[in-house]
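> Here is my input, please return the structure:
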Amino acid sequence: VGFVWDVQETEWKSHLMLMAEYAQNHGHCRVPSSSEEVNRLSQWVSQQRIAQRRGKLPDVRKAALDSFGFVWEPGDESWQNHYAKLVAFMAKHGHTNIPQNGRNKALNKLGQWANKQRELHFVGRLSQDRISLLNSI
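Next comes the predicted model:
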């Protein structure tokens with residue numbers, strides 16, 4: 001084993017191995033923040049996201065995480081999934097005015113999501129990229 005000269009690097013690699021194991025076992029890198037079982041890993045994941053947002057995560061570390069399919073912005077993945085469902089709804093029905101309180105619970109959730117996008121847009125909190133995507137439907 002030998003003497004550890006760079007404790008932080010050793011700890012980072014240890015967490016990376018835990019991340020690899022988690023990805024292997026679960027098929028994804030979306031570590032839940034509420035799970036006590038993976039609490040340390042969840043905290044580490046959050047730290048990596050913060051470091052990336054601040055531009056302080058070295059490229060080699062980002063590449064290592066990317067190789068496992070690391071999700072940098074968990075909300076983006078959910079947003080893209082809802083957007084794809086909205087596009088499919090539009091293709092089928094010819095509009096995006098989705099009911100929010102009908103019998104179909106999945107459709108209600110999509111309607112609520114679409115309404116939330118409208119609300120965010122009206123208060124100036126929806127990114128231009130997302131506005132462009134929604135306008136392209």
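
> OK, contacts around Gln112?
Gln100 (CB atoms under 8 Å, 6 or more residues apart in numbering). C-beta: built from backbone N, CA, C; applies to glycine.

> Please identify the helix or strand for it.
helix 105-122 (DSSP states H and E).

> quick check: angle from the helix or strand hosting Gly75 to helix 105-122?
Following DSSP H and E, one finds Gly75 within helix 74-93. Interaxial angle of helix 74-93 relative to helix 105-122 (axes from the mean of the first three to the mean of the last three CA atoms, to 10 degrees): 110 degrees.

> quick one: helix 74-93 to chain centroid distance?
14 Å (CA atoms, centre = their mean, to the nearest Å).

> Check the protein and tell me which residue is nearest its centre.
Nearest residue to the geometric centre of the chain (CA atoms, centre = their mean): Pro74, 1.4 Å.

> Would you mind confirming that that residue makes contact with His28?
No - under the criterion of CB atoms under 8 Å, Pro74 makes no contact with His28, lying 10.7 Å away.

> low-scoring pLDDT stretches of this structure, where are they?
For the chain, the stretches flagged by pLDDT under 70 are 1, 34-37.

> rerun that using 90 as the cut-off
Residues of the chain that meet the criterion pLDDT under 90 lie in 1-5, 22-24, 26-42, 66-81, 126-130, 132-133.

> follow-up on the earlier one: and the residue nearest to the centre of the chain, how close does it get to Gln117?
Going from Pro74 to Gln117 by CB to CB, to the nearest Å gives 17 Å.

> Outside of the helix or strand containing Gln47 itself, list whatever touches it.
Using DSSP H and E, the element containing Gln47 is helix 39-53. With CB under 8 Å, 6+ apart as the test, helix 39-53 has contacts from 15, 18-19, 22, 29, 31-33, 35, 57, 61-62, 65, 70, 72-73.
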